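Participant: fold the following.
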Amino acid sequence: YITSGLIIASGIFAYIQKGGFSLGVDFKGGRSYVVRFDDVKTTDEIREALALPFETEPEVKTYGDVNQKRITTTYLISDGTEDAEAKVEAKLKEGLTKLGTNYKIMSSQKVGETVSRDIKEKAIWAILLSCLVMFVFIFIRFKKWQYGFGAVTALFHDVALVLSAFIIFDGVLPFSLEITQDFIAAILTVMSYSMSDTVVVFDRIREYLTERNKSDIEGEEKIKVINYALNSTLSRTINTSLTIFFVLLSIFIFGGETIRGFAFALLIGIVIGTYSSLCIATPIVIDLDRKKKTEAKKG
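Facilitator: Residues are numbered from 1 along each chain as shown. Modelled structure (predicted):
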């Protein structure tokens, strides 16, 4: 509890100090341009050429053919004047001219504030609805609200820690840590993995309590049985997590600049999800069950 609390507190402090998260085009709005080049240019070359005119590196992805790219920037997105579009396009041309090849702007699109606000709200609702469904599932499966509450608390804990890591390391690590739709996908993936891991741990606890006919035991004896159940799942949990971790690490290193933030969120999320299943979800169940029985005795 103390370790997690300190990390989340550090994240809140960094959030206040930095004035919020670095939001991507999905949540802040921006402009996208589909550009076709006569010669093949890498996304890194285009990104570096546009970094100075746009005052920050834009998002560049291959769009269809290898010589066609989609360039997305937040430059002047809050500028509501009529000539803002022309200014952005002028900066785009200024940067692309440095590449020394002919190009053609095939299309352009603006993601406005209303659209970005709608995406943000749907992302929040997606996370909250996922937590609600998880609680109902765990409650039905284990017939105790303590298990459901412990699992959902662990999910919120996972999201809070991943967000804390992003805000703490934003501007420190040499790659973008913007909050985008990819980040939301990573969060939901981490939640599903964490929940799967938590269910395995809870199943083993229930199995050990049932086998020993100790479902009604209390105090230190029950804690010993639960601790034994946790230890029995430890090797399986760590092996599974390491397998996924090494795959994600390869994606993080070799996957390219555009998905590095996404891979980073998954990397730390897998570690946090494994940790929370063992060190957050289960202790919460024990503490809540102990408190309930103490109150029952007093009554």
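Participant: Thr282: neighbour count?
Facilitator: Neighbourhood size, Thr282 [other C-beta atoms under 10 Å]: 23. Heads up, the C-betas are built off the backbone N, CA and C, glycines and all.
Participant: show the backbone phi and psi for Thr72.
Facilitator: Here is the backbone geometry of Thr72 (degrees, to the nearest 10): phi -120, psi 130.
Participant: correct me, but it touches Pro58?
Facilitator: Yes: counting by C-beta atoms under 8 Å, Pro58 is a contact partner of Thr72 at 5.9 Å.
Participant: more neighbours: these two, which one.
Facilitator: Applying other C-beta under 10 Å to Thr72 and Pro58 shows that Pro58 carries more neighbours, namely 25 against 18.
Participant: ranges for the strands of the stretch 101-250 of the chain?
Facilitator: 103-111 (DSSP state E, counting those that start in this stretch).
Participant: hang on, Lys61 in a strand?
Facilitator: Yes: Lys61 sits within a strand when classified using DSSP: H, G, I helix; E, B strand; the rest coil.
Participant: around it, how many other residues sit close by?
Facilitator: Using other C-beta under 10 Å, Lys61 has 14 other residues around it.
Participant: can you list the weak-confidence ranges in this protein?
Facilitator: For the chain, applying pLDDT under 70 flags the ranges 112-116, 212-219, 291-299.
Participant: which strands and helices sit next to the longest helix along it?
Facilitator: When the chain is parsed with DSSP state H, its longest helix is helix 219-254. Applying 3 or more C-beta pairs under 8 Å, 6 or more residues apart in numbering; DSSP states H and E, one finds that helix 219-254 makes contact with helix 181-211, helix 260-276, helix 282-298.
Participant: reformat these into CSV and put distance to Asp118 next to each item.
Facilitator: Converted to CSV, the helices and strands packed on helix 219-254 look like this (distance: least, C-beta to C-beta, whole Å):
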stretch, distance to Asp118
helix 181-211, 12
helix 260-276, 22
helix 282-298, 34
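Participant: please identify the most buried of the ones you listed.
Facilitator: Of all those, helix 260-276 carries the top mean neighbour count, a mean of 23, counting by mean count of other C-beta atoms under 10 Å.
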